[in-house]
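> Below is the sequence, then the predicted model.
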Amino acid sequence: MGNVIAVIPAAGVGSRMGTNIKKQYLNLMDRPVLAHTLGVLEECPDITGIVLVVAPGEEALCKKMVLHGKEFTKIMAVVPGGDHRQTSVYNGLAVLPETTELVVIHDGARPLVQTGEINRVIREARAIGAAALAVPVKDTVKVVNDQGLVVYTPPRETLWAVQTPQVFRYELIMKAHRAAKETGIFATDDCALVEALGRPVRLVPGSYENIKITTPEDLVLAEAFLRRRKQ
Ligand SMILES: Nc1ccn([C@@H]2O[C@H](COP(=O)(O)OP(=O)(O)OP(=O)(O)O)[C@@H](O)[C@H]2O)c(=O)n1
Ligand SMILES: C[C@](O)(CO)[C@H](O)COP(=O)(O)O
């Protein structure tokens with residue numbers, strides 16, 4: 001088995017959080033959101049290296065707020081991101097060694113992922129090439145038109161909310177990102193780019209705790225989950 005490298009996009013602006021400090025640098029209990037995320041990946045035995053993607057010019061800030069000390073020994077590179085999450089991920093993928101077997105793409109803003117979940121996704125990706133954590137959607141979802149009128153109601157049992165990590169064979173995810181770049185496809189997750197190639201993607205049941213810190217109430221929830229884990 002070859003290298004399994006994590007690419008962590010953490011270059012977003014956090015517009016939905018609306019705070020002066022970007023959400024990845026906000027404190028969640030004792031340390032920044034991004035430090036929690038990196039801490040889980042650091043502890044994951046299957047992951048051999050980490051490439052962190054931060055906003056251009058924010059490398060020093062990230063070092064000061066998150067990467068000080070000697071906690072994160074697996075960080076191979078800190079690279080500048082782009083205007084979209086997809087571009088940030090691509091910039092991370094572009095610096096990986098050719099010897100990389102699998103890439104674990106995980107949002108810097110998902111600090112509550114657990115080692116066992118990451119391992120399960122890695123196992124599936126090794127078997128079929130592409131896999132992601134996901135949870136069944138709890139609400140009934142409506143598809144609407146631009147006037148807010150309901151067009152249809154997809155059956156809930158077919159709907160899953162996809163999370164990260166999303167794990168891929170290195171050559172497959174590079175092919176998918178390059179093809180998306182050429183055709184101008186922009187997607188909100190990396191699986192969609194592999195789907196666009198017509199290749200299979202396996203969803204691995206995850207946890208409702210693996211939330212993405214997106215709006216202010218997510219920090220309250222995340223803190224509650226962390227406190228419960230410490231009990
Ligand atoms: N240009 C971007 C946009 C997003 N991300 C990262 O992708 C992850 C998921 O994105 P999201 O939660 O949407 O973060 P933001 O784009 O920062 O948030 P918002 O959409 O509210 O502005 C985050 O870790 C974020 O930092 C990134 O690396 N580069
Ligand atoms: C990749 C992702 O985490 C899947 O839920 C998500 O799509 C990333 O960011 P978004 O901007 O909130 O869609």
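Ah, there it is. Ligands and ions are numbered 1, 2, ... in the order given.
> Now Val54. Nearest residue, chain neighbours left out?
Cys62 (4.7 Å; CB to CB, 6 or more residues apart in numbering). Just so you know, the C-beta spots here come from the backbone N, C-alpha and C atoms, and that holds for glycine as well.
> can I have the helix or strand in which the one you found is found written out in CSV, keeping just the CAs?
Using DSSP states H and E, Cys62 maps to helix 59-65. Once non-C-alpha atoms are left out, helix 59-65 reads as follows in CSV (Å, rounded to 0.1, in the frame of the first residue of the first chain):
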residue,chain,number,x,y,z
GLU,A,59,0.4,31.4,5.6
ALA,A,60,2.0,33.4,8.4
LEU,A,61,-1.4,33.9,10.1
CYS,A,62,-2.1,30.2,9.9
LYS,A,63,1.3,29.4,11.3
LYS,A,64,0.8,31.8,14.2
MET,A,65,-2.8,30.7,15.1
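> Can you get me a residue count around Ser207?
15 (other CB atoms under 10 Å).
> Excluding chain neighbours, what is closest to it?
The nearest residue in space to Ser207 (CB to CB, 6+ apart) is Glu117, at 6.6 Å.
> Tell me how far that neighbour lies from Gln163.
9 Å (CB to CB, to the nearest Å).
> who has more neighbours, those two?
Gln163 (25 against 21).
> May I have the phi/psi pair for that one?
phi -120, psi -170 (degrees, to the nearest 10).
> Overlap in contacts, Glu117 and Gln163.
Common contacts of Glu117 and Gln163 (CB atoms under 8 Å, 6 or more residues apart in numbering): Leu133, Gly206, Asn210.
> tell me the average confidence for the host helix or strand of Glu217?
Using DSSP H and E, Glu217 sits within helix 216-230. Helix 216-230 carries an average pLDDT of 97.
> Export it to CSV, keeping only CA atoms.
Output in CSV follows, covering the C-alpha atoms of helix 216-230 (Å, rounded to 0.1, in the frame of the first residue of the first chain):
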residue,chain,number,x,y,z
PRO,A,216,-22.9,30.7,14.0
GLU,A,217,-25.1,28.0,15.5
ASP,A,218,-22.8,25.3,14.2
LEU,A,219,-20.2,26.4,16.7
VAL,A,220,-22.7,25.9,19.5
LEU,A,221,-23.6,22.5,18.3
ALA,A,222,-19.9,21.5,17.8
GLU,A,223,-19.1,22.6,21.3
ALA,A,224,-22.0,20.5,22.7
PHE,A,225,-20.7,17.4,20.7
LEU,A,226,-17.2,17.9,22.0
ARG,A,227,-18.3,18.3,25.6
ARG,A,228,-20.4,15.1,25.3
ARG,A,229,-17.3,13.2,23.9
LYS,A,230,-15.2,14.3,26.9
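> Packing partners of it?
Packed against helix 216-230 by the contact rule (3 or more CB pairs under 8 Å, 6 or more residues apart in numbering; DSSP states H and E) you find strand 27-28.
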